[in-house]
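# Sharing a model prediction with you, sequence too.
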Amino acid sequence: VSTQSTGTEMGNKQHSSKNELAELVKKTSFEKNELEALLHGFRTADKDNSGSLDKKEFSILMKKHVKDCTDDTINRLFFIFDTDGDKTVSFKELATSLSIIGKGKPEDKLKFMFNLFDEDGSGTLDKKEIVVIIKQMKAVALGLGRTEETAELFVKGLMSKIDSNNDGIISLKEWVDGGMTTPSLLILLGAESY
């Protein structure tokens, strides 16, 4: 019995068929040629030809295509992209997640970013997780031409606005509500361009 992919199975993380690409064009914000390029990169990273990426293969793919991506970030992305929890990332999971990050609606991007920063999976952002967010947002603010001092004040003011009940913990609702009324949040997270 062969374990090689025929390219026609859809739901079991085998290589994507033309039908799956057509389905993903409808369900994501990607054009067909963008998905084909993504599929090529996916297949190149899929060293064992299983039709899915394990954590090591996913890490190689991310480091090749995402500048300054740390191992911690890659681990969080792997966990978030693996929507069915089987410890691999299928092409469909990859394309759908990247669509949200790159071309999704602001609310979807905010939810995705919240899950990315919620390292312990508690459903809230605690002080330790907020420090990581502030650090990232400060780096982007500095890149946009703010001074160290104005970047610090701006980011801390933004975070206190998002923490609407001032308890030092940010819920998903606070995050999304704050982000939807503060467009600079997505810019400072690097999810939108200025």
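Perfect, thanks for sending it.

# residue ranges with poor pLDDT in the chain?
With pLDDT under 70 as the threshold, the chain has low-confidence stretches at 1-17, 186, 188-194.

# The same query, at a cut-off of 90, please.
For the chain, residues meeting the criterion pLDDT under 90 lie at 1-32, 63-77, 79-80, 83-85, 96-121, 127-162, 164, 168, 178-194.

# Can you give me the distance of the residue nearest to the spatial centre of it to Glu107?
Nearest to the geometric centre of the chain sits Ile101, at 5.2 Å (CA atoms, centre = their mean). To Glu107, Ile101 is 13 Å away according to CB to CB, to the nearest Å. In short, each C-beta sits where N, CA and C put it, glycine included.

# ranges for the strands of the protein?
52-53, 89-90, 124-125, 170-171 (DSSP state E).

# Among the ones you listed, which comes closest to Phe78?
strand 89-90 (6.5 Å; CB to CB).

# elements contacting the closest one?
Strand 89-90 sits against strand 52-53, with contacts defined as 3 or more CB pairs under 8 Å, 6 or more residues apart in numbering; DSSP states H and E.

# Need the contact partners of the strand it packs on.
For strand 52-53, the surrounding residues in contact (CB atoms under 8 Å, 6 or more residues apart in numbering) are Lys13, Phe42, Ala45, Asp46, Leu61, Asp86, Thr88, Val89, Ser90, Phe91, Leu94.

# In helices only, show me those.
Using DSSP state H, Phe42, Ala45, Leu61, Phe91, Leu94 are the members of these that sit in helices.

# Lys92 is in contact with the first one, correct?
No: distance between Phe42 and Lys92: 10.2 Å, which falls outside the contact criterion (CB atoms under 8 Å).

# Out of those two, name the residue with the larger neighbour count.
Using other CB atoms under 10 Å, the more surrounded residue of Phe42 and Lys92 is Phe42, with 23 against 20.

# For that one, give me its contacts.
Leu53, Leu61, Phe91, Leu94.
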